[in-house]
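[1] sequence plus the predicted model coming up.
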Amino acid sequence: MNTIVITSGAILLSIAGFCYSQKSADFAILSQPRDYTILNQYQQPLSDAEKKSLGVNLPAQIENDDELLGDQITHALRFDFDGRTWFLQKDEAGNLIGDRGKQFRQMFRKCTVLGDTLLITEDRAVPFSEKFPPAGQGKSLGKGEAVVRIFSTGQFVYVKRGDARAEYGWCSFARRSAWKAVEHAVEKPQALTGHLSDQIVRRFAEANKVYKEYFDHFNEFTHQEKTVPAWQCEASGNEVRCTLNLPYRNSSQLEESTQYLVRDVENMLIGKHYEVVGGKGEILVKPKADAGARQ
């Protein structure tokens, strides 16, 4: 059998877009996300209520502008938003379903990804605008307000303000005295048990489910009896160790889909002092080497 890549279910989840290391990426600002056919990370369509909850002026960090989905028929634009993977479905002609043109979907190429938080220290000193480029007497950020910088292009920065009812728009931080960076407290490593451990184990269980569905279909179609891949996980103290069954543990057939799973778990550990170590047929979650020195 050729290399197997499972691109549905829990295995397909990208590295969070709001990472702290600077990198370049393309962004699309979707002024009205509800107009599009949007699929979640499991490649299932969102309901109208779910699309409404995404708000407006959504910053979509483009990861692949022509992704072939798990059904091997449907094409979509894959993007990252708020640390999760989403898809904008395309029609047979390759156009985004529901797209109303550049006025409602602005594109920004080779932007600098930021993902840090700033605290505003002067009232009405940092302008805020939903339009690009910002112009005229629009809104401004208030003193004491914290905003997340998503990406920058030229002298302008796209930000998120608020939490429960987030607003997205453009700012200029040229006035250096009007803001300061927020320093996040260093988290002490905790035992990898309880909710987080359960969450990791559930992710592997979801991967096993995807494998089973795929191989059941494959075996039925080809009249073969290929062994179904399965991960077995054991959580103990500060570690979670997951191992593939044989014969896949000693082969490279699942190497690419294993990397998807590694990145999936890495997303769950963002901001925590744990790392994911992936080897052939084994994935280990453990404290980072320098975690002890931070306590």
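    Happy to help now that I have it. Since this is a predicted model, take the numbers as computed values, not measurements. Numbers count the residues shown, from 1 in each chain.

[2] now the biggest helix by length in the chain: mean pLDDT?
    In the chain, taking DSSP state H as the definition, the longest helix is helix 195-222. Helix 195-222 shows a mean pLDDT of 86.

[3] and for the helix or strand following that helix, what's in contact with it?
    Next helix or strand after helix 195-222 toward the C-terminus (DSSP states H and E): strand 231-236. Strand 231-236 is contacted by residues 192-193, 197, 200-201, 204, 207-208, 240-245, 283 when judged by CB atoms under 8 Å, 6 or more residues apart in numbering. To be clear about C-beta, it is placed using only N, CA and C from the backbone, and glycine gets the same treatment.

[4] the same query, at a cut-off of 7 Å, please.
    Strand 231-236 has contacts (CB atoms under 7 Å, 6 or more residues apart in numbering) with 192-193, 197, 201, 204, 207-208, 240-245.

[5] any of those buried? List them.
    Among the contacts of strand 231-236, the ones that count as buried by 16 or more other CB atoms under 10 Å are 192, 197, 201, 204, 207, 208, 240, 242, 243, 244.

[6] how close does the third one sit to residue 228?
    Taking CB to CB, to the nearest Å as the measure, residue 201 and residue 228 are separated by 18 Å.

[7] would you agree residue 104 is in contact with residue 34?
    No - between residue 104 and residue 34 there is no contact under CB atoms under 7 Å: 10.9 Å.

[8] between the two, who's got more neighbours?
    Shown here are residue 104 and residue 34; by other CB atoms under 10 Å, residue 34 has more neighbours (18 against 15).

[9] excluding chain neighbours, give the residue nearest to the more buried one in space.
    In space, and not counting its chain neighbours, residue 34 is closest to residue 51: 4.4 Å by CB to CB, 6 or more residues apart in numbering.

[10] thought residue 40 was touching the one you found, still the case?
    No - between residue 51 and residue 40 there is no contact, the gap being 10.5 Å when judged by CB under 7 Å.

[11] between those two, which one's more packed in?
    Using other CB under 10 Å as the criterion, residue 51 and residue 40 rank with residue 51 on top: 18 against 13.

[12] what's next to the strand or helix carrying that one, contact-wise?
    Following DSSP H and E, one finds residue 51 within helix 48-53. By CB under 7 Å, 6+ apart, the residues outside helix 48-53 that reach it are 33, 34, 38.

[13] in the longest helix of the chain, what's buried?
    196-197, 200-201, 203-204, 206-208, 210-211, 214-215.

[14] one more: stretch 254-262?
    Quick answer for stretch 254-262 (16+ other CB under 10 Å): 254, 257, 258, 260, 261, 262.

[15] which one is the last one nearest to, not counting chain neighbours?
    Looking back up the chat, that one is residue 262. residue 278 is the one closest to residue 262 (CB to CB, 6+ apart), at 4.4 Å.

[16] quick check: the one you found touching residue 258?
    Yes - using CB under 7 Å, residue 278 is in contact with residue 258, at 6.4 Å.

[17] now do the host helix or strand of residue 117: which elements does it pack against?
    Secondary structure assigned from DSSP H and E places residue 117 in strand 105-120. Counting contacts by 3 or more CB pairs under 7 Å, 6 or more residues apart in numbering; DSSP states H and E, strand 105-120 packs against strand 23-30, strand 146-153, strand 179-181.

[18] contact partners of the very next helix or strand once past it?
    For strand 105-120, the following helix or strand on the C-terminal side (DSSP H and E) is strand 126-129. Under the contact criterion CB under 7 Å, 6+ apart, strand 126-129 has outside partners 120, 134, 138-141, 169-173, 175, 178-179.

[19] check stretch 68-79 too.
    The contact list for stretch 68-79 (CB under 7 Å, 6+ apart) reads 7-8, 39, 43, 60-67, 85-90, 94, 96.

[20] per-domain residue ranges of this structure.
    For the chain, the domain assignment from automatic domain parsing gives the residue ranges 9-109, 112-181, 195-294.

[21] start to end distance for the shortest one?
    Right, domain 112-181. This stretch, domain 112-181, spans 17 Å end to end (CA to CA, to the nearest Å).
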